[in-house]
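>>> Next come a sequence and a model predicted from it.
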Amino acid sequence: MRWLMACAAIVAASVMLATPCNAAAVTRSGGKVAAIQNTNGQSEVFLIGKTGQLYTNYQITFGGSAWSGWQSLGGSWPDQDSIATADDNGYAYVFLIGNNGQLYYSYQQNSESWSGWHSLGGQFSNEDSIGLGPDEDGPYSSVQVFLIGSNHQLYTNWQTGSGGDAAWSGWLALGGNWPFQDTIGVGNDQNGLLKVFLIGNTTQLYTAQQAFAPISPWSYQSWTGWTSLGGSWPSQDSVAVGNVQGALSVFLIGNTKQLYKSQANGSSWSGWSSLGGSWPNQDSIALDTNGNAQVYLSGNTTQLYTANTNDGNWSNWISLGGSWPGTDSIGLTDNNGQSQVFLVGKTSQLYTAWETAQGGNWISWIPLGGTWPAQ
C-alpha cells in the first residue's frame, strides 16, 4: 500500500496528501486501489488489471446502484504499480510509473475523454510510492509529485501553470537517502507550507518543508533540510497525513502493531500517542478529515475497522465487516462528509461501501466485479 476538499484530507497511504482547513476543492489520492471524487462530483476508482492496463469505473450518482462499468485507459503497467490521482482546478489526473521507470500521467477536463499518456521522465522503481502535493486552487495552484529516484534521493516535479496541458518544472532533488518503496507522506501546515514525510534507514520518521509559501510557480523549488520526528517504525510502513481539528497530523503503525499519531504545534511536534488496535505490518491507512476525522485500517481479523474524532478524543474501533487481505490497499472518497471506501476482496473482486449520512450507518458491501491482482 502506498493517498481533499474544502477543509478535508482524503488519504490512502502509501500515497499521502492533505490540505489546510481553508483549502479549496482539491483532491489527491493513491495506492494500488486509487479513488477520487472526479470533476463531475462522482466517486471514481482506478485499478491495474491482469492485462496490465489501467481500468476505471465511476458511480453515476452517489448512493445509487448504477455504475459506468469498467473502462480501459490503456497503457502497460507493472502489477504492483502505485496509482496516484489528483483533482485540481477542474482537471482530474492519474499518475503511474511505466515499465521503463518513467513517470506517466493522463488527465481529463470535466466529463471529456481522458488524454493519452504523457511522460515526465525520471528513473524510478516500479514499486515506488508516488507522493502528491496538495495546494489551494488559485493563481499558483499546482499539481506536484514526489518520488524516490534510483540514487535513493527524493525528487519533486510540479506544473508551472494550470490545466492538464501545462508545462512541468523538471525534476528537483530534495536529497536524503531513502529506501525504495518508502511511503511518501505529503501535507500542508496551518501556514500553507508543504511538508513531506518519509521513514529513513534509521527507522525514524523525517520531514522537510517548503522554505516559504508559494508566491509564484517557482516558489516550489525552495526547501529546508531534513528533520527527525523520532520514533522507530517498520520499513515500508504506511504514512497518512491530514489536518485534524486544524492541526497537521501524521499517522503510522508502530512495531507494537498499534496505530500512533503525532501533530504539529506551531513549529514543533507533539509526542507520539497511541490510538490502539492491532494492525498488520505495512497495513494501508486511509484518512478522511472532511467533517469528523475518520481513519480506516484492515485488522488482523481481516475485517475493515474505523475510528473517528470531532473533539480530539478518538472513539473505539468499530468493525465495518468484510474479509480482506491483511495488507489490502484502501481507496477512499468523500461526498459532503460521507466516506466511501473501496477494497479488493479475497474473491479478487472490488467491493465498495459508504456512509448513509455523515457519521451515520454504513450500507452493506457491494461488489463492483472485475478480477484484480492481489493488492
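That came through, no problem. Because the structure is predicted, anything quoted here is derived from the model rather than measured.

>>> isn't there a strand covering residue 316?
No. Counting by DSSP: H, G, I helix; E, B strand; the rest coil, residue 316 is not found in a strand; it is coil.

>>> Now do the contacts for it.
Taking Cβ atoms under 8 Å, 6 or more residues apart in numbering as the criterion, residue 316 is in contact with residue 307. (Each C-beta comes from the backbone N, C-alpha and C, glycine too.)

>>> Same question for the one 4 residues further on.
With Cβ under 8 Å, 6+ apart as the criterion, the residues that contact residue 320 are 296, 303, 304, 305, 306, 341, 353, 362.

>>> is it fair to say it lies in a strand?
Yes. Remark: residue 320 belongs to a strand, assigned using three-state DSSP.

>>> Any stretches of the stretch 1-150 of the chain with poor pLDDT?
1-31, 134-141 (pLDDT under 70).

>>> same question but for the stretch 251-375 of the chain, I mixed them up
Filtered on pLDDT under 70, the stretch 251-375 of the chain yields the residue ranges 375.

>>> now the strands: where do they sit in it?
Along the stretch 251-375 of the chain, counting by DSSP state E, counting those that start in this stretch, strands occupy 259-265, 268-269, 273-276, 286-288, 293-298, 304-309, 318-321, 331-335, 338-344, 350-354, 366-369.

>>> Go through these and name the closest to residue 186.
Counting by Cβ to Cβ, residue 186 lies closest to strand 286-288 out of these; the figure is 12.5 Å.

>>> Sheet partners, orientation included, of the closest one?
Take DSSP bridges as the rule and strand 286-288 pairs in its sheet with strand 10-12 (antiparallel), strand 293-298 (antiparallel).

>>> ok, back up a step: could you look over the strands of the stretch 251-375 of the chain and pick the most buried one?
Looking across those with neighbours counted as mean count of other Cβ atoms under 10 Å, the highest average goes to strand 286-288: a mean of 30.

>>> Pull the distance from it to the chain's centre.
Strand 286-288 sits 9 Å away from the centroid of its parent chain (Cα atoms, centre = their mean, to the nearest Å).

>>> now swap in stretch 296-312 and tell me
Taking mean C-alpha positions (Cα atoms, centre = their mean), stretch 296-312 and its chain are 17 Å apart.

>>> Endpoint to endpoint, stretch 328-336 covers what distance?
26 Å (Cα to Cα, to the nearest Å).

>>> who touches the closest residue to residue 309 other than its chain neighbours in this structure?
Using Cβ to Cβ, 6 or more residues apart in numbering and skipping the chain neighbours, the partner closest in space to residue 309 is residue 293 (5.2 Å). Counting by Cβ under 8 Å, 6+ apart, residue 293 makes contact with 242, 244, 245, 287, 308, 309, 310.

>>> how does it look with 10 Å?
Shown in contact with residue 293 (Cβ atoms under 10 Å, 6 or more residues apart in numbering): 8-9, 242-245, 249, 287, 307-310, 312, 314.

>>> Over to residue 283?
Applying Cβ under 10 Å, 6+ apart, we find residue 283 in contact with 1, 13, 237-238, 253, 257, 259, 277, 297-300, 326-330.

>>> Filter these down to the buried ones.
Of all the contacts of residue 283 considered here, the ones buried according to neighbour count by 16 or more other Cβ atoms under 10 Å are 1, 13, 237-238, 253, 259, 277, 297-299, 327-330.

>>> I'd like to know which of the residues you listed is nearest to residue 59.
When the buried ones among the contacts of residue 283 are compared for distance to residue 59 (Cβ to Cβ), residue 330 wins out at 16.9 Å.

>>> How about that closest one, nearest residue that isn't a chain neighbour?
residue 286 (4.1 Å).

>>> who's the one you found bridged to?
According to DSSP bridges, beta-bridge pairing links residue 286 with residue 12, residue 296.

>>> Surely it is in contact with residue 339?
Yes. Applying Cβ atoms under 10 Å, one finds residue 286 in contact with residue 339, separated by 8.5 Å.

>>> what sits in contact with each of these two?
With Cβ under 10 Å, 6+ apart as the test, residue 286 and residue 339 both reach 10, 294, 296, 306, 332.

>>> what's the most distant pair in these?
Across the shared contacts of residue 286 and residue 339 (Cβ to Cβ), the longest gap, 13.9 Å, separates 10 and 306.

>>> Could you pull out the residues contacting both of those two?
Common contacts of residue 10 and residue 306 (Cβ under 10 Å, 6+ apart): 286, 288, 339.

>>> of these, closest to residue 74?
residue 286 (27.4 Å).

>>> Residue 357 is in contact with residue 337, isn't it?
Yes. Counting by Cβ under 10 Å, residue 357 does reach residue 337; the two are 8.4 Å apart.

>>> Please identify which of those two sits among more neighbours.
residue 337 (18 against 9; other Cβ atoms under 10 Å).

>>> Residue 65 versus the more buried one, what's the distance?
Using Cβ to Cβ, to the nearest Å, residue 337 is found at 21 Å from residue 65.

>>> Could you do residue 114 as well?
Taken as Cβ to Cβ, the span from residue 114 to residue 65 is 25 Å.

>>> Comparing those two, which residue is more hemmed in?
Neighbours were counted for residue 114 and for residue 65 using other Cβ under 10 Å; residue 114 has more, 18 against 8.

>>> List the contacts of the more buried one.
Residue 114 makes contact with 54, 56, 71, 73, 74, 92, 93, 94, 106, 107, 108, 164, according to Cβ under 10 Å, 6+ apart.

>>> hmm, 8 Å instead?
Counted by Cβ under 8 Å, 6+ apart, residue 114 has contacts 73, 94, 106, 107, 108.

>>> nearest to residue 319, of those?
Closest to residue 319, out of all of the contacts of residue 114 and judged by Cβ to Cβ, is residue 94, at 31.5 Å.
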